[in-house]
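K.L.:
Got a predicted model here, sequence first, then my questions.
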Amino acid sequence: MKTSNLMVAVCILAVAAQTALALKEEDCEVCIKTVRRFADSLDDATKKDYKQIETVFKKFCKTQKNKEHRFCYYLGGLEESATGILNELSKPLSWSMPADKICEKLKKMDAQICDLRYGLYPEFHSKIALAHQRSFAEKQIDLNSVDLKKLKVRDLKKILNDWDEGCDGCLEKSDFIKRIEELKPKYSRSEL
């Protein structure tokens, strides 16, 4: 009796942990939105063959701009892509896996995929998210007066992302701060 109660408790905890750890749309917004839009554009015959999905995705990527274009680059959907993990998108799509689960798998392979964020005030954000972004935008306007050490790493990444800059090899908060300080003269002039 005690063993079965223990097993039930472990199963409940496992399900709760999985739900809590599931990827949320706001954590990987560009990936989820792009994969959904792409999946919706596929016809039934194409959805069943992962090779056809890859071919159609490469054509899809040729028309993408900004964050979606960079997403295509990360997956290998562009001719100039350095790497290719396109089959990690095409095979799950052929199995009808949901976009959030596909992006969760892609994030495990390349964390940059979920670092992509849309710019300020995208139409799908809630009022609360807009309020947060407005307060962040005020900080962002005057980078000379902001103490970068007090910002979260996510906010530091957002600054670099808004500038369309990367931070290769950045692991610590101090690495991101150093990169922003290097780029600050280039971007603070254009913001004035």
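P.N.:
Thanks, I have the structure now.

K.L.:
For Gly77, see how far away Pro92 is.
P.N.:
15 Å (Cβ to Cβ, to the nearest Å). Every residue, glycine included, has its C-beta placed from N, CA and C.

K.L.:
Between these two, which is the more surrounded one?
P.N.:
More crowded of Pro92 and Gly77, by other Cβ atoms under 10 Å: Gly77, with 25 against 21.

K.L.:
ok, now which ones touch that one?
P.N.:
Contact analysis of Gly77 by Cβ atoms under 8 Å, 6 or more residues apart in numbering lists 57-58, 60-61, 86.

K.L.:
Restricted to strands, list the residues you listed.
P.N.:
Among the contacts of Gly77, no member is found in strands (DSSP state E).

K.L.:
any idea which helix or strand carries the nearest residue to Val56 once chain neighbours are set aside?
P.N.:
Using Cβ to Cβ, 6 or more residues apart in numbering and skipping the chain neighbours, the partner closest in space to Val56 is Thr46 (5.8 Å). Using DSSP states H and E, Thr46 maps to helix 44-47.

K.L.:
would you put the C-alpha positions of that helix in CSV?
P.N.:
Provided in CSV are the C-alpha atoms of helix 44-47 (Å, rounded to 0.1, in the frame of the first residue of the first chain):
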residue,chain,number,x,y,z
ASP,A,44,-1.1,17.9,-46.2
ALA,A,45,1.1,16.1,-48.7
THR,A,46,4.2,18.1,-47.7
LYS,A,47,3.6,17.7,-44.0
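
K.L.:
Against which helices or strands is it packed?
P.N.:
Counting contacts by 3 or more Cβ pairs under 8 Å, 6 or more residues apart in numbering; DSSP states H and E, helix 44-47 packs against helix 50-62.

K.L.:
ok so, going back, if you tally nearby residues, what's the number for the residue nearest to Val56?
P.N.:
So Thr46, with other Cβ under 10 Å, has 16 neighbours.

K.L.:
Contact partners for it?
P.N.:
Thr46 makes contact with 52-53, 56 under the criterion Cβ under 8 Å, 6+ apart.

K.L.:
Show me the contact partners of stretch 55-64.
P.N.:
So stretch 55-64 is in contact with 34, 38, 41-42, 46, 69, 71-72, 75, 77-78, 86, 89-90, going by Cβ under 8 Å, 6+ apart.

K.L.:
in that stretch, what counts as buried?
P.N.:
56-58, 60-61, 64 (16 or more other Cβ atoms under 10 Å).

K.L.:
For Asp100, report the pLDDT, please.
P.N.:
pLDDT for Asp100: 92.

K.L.:
That one sits in which helix or strand?
P.N.:
Counting by DSSP H and E, Asp100 is found in helix 99-109.

K.L.:
Specify which member of the contacts of Thr46 is nearest to Lys108.
P.N.:
Nearest to Lys108 among those: Ile53, at 20.1 Å, using Cβ to Cβ.
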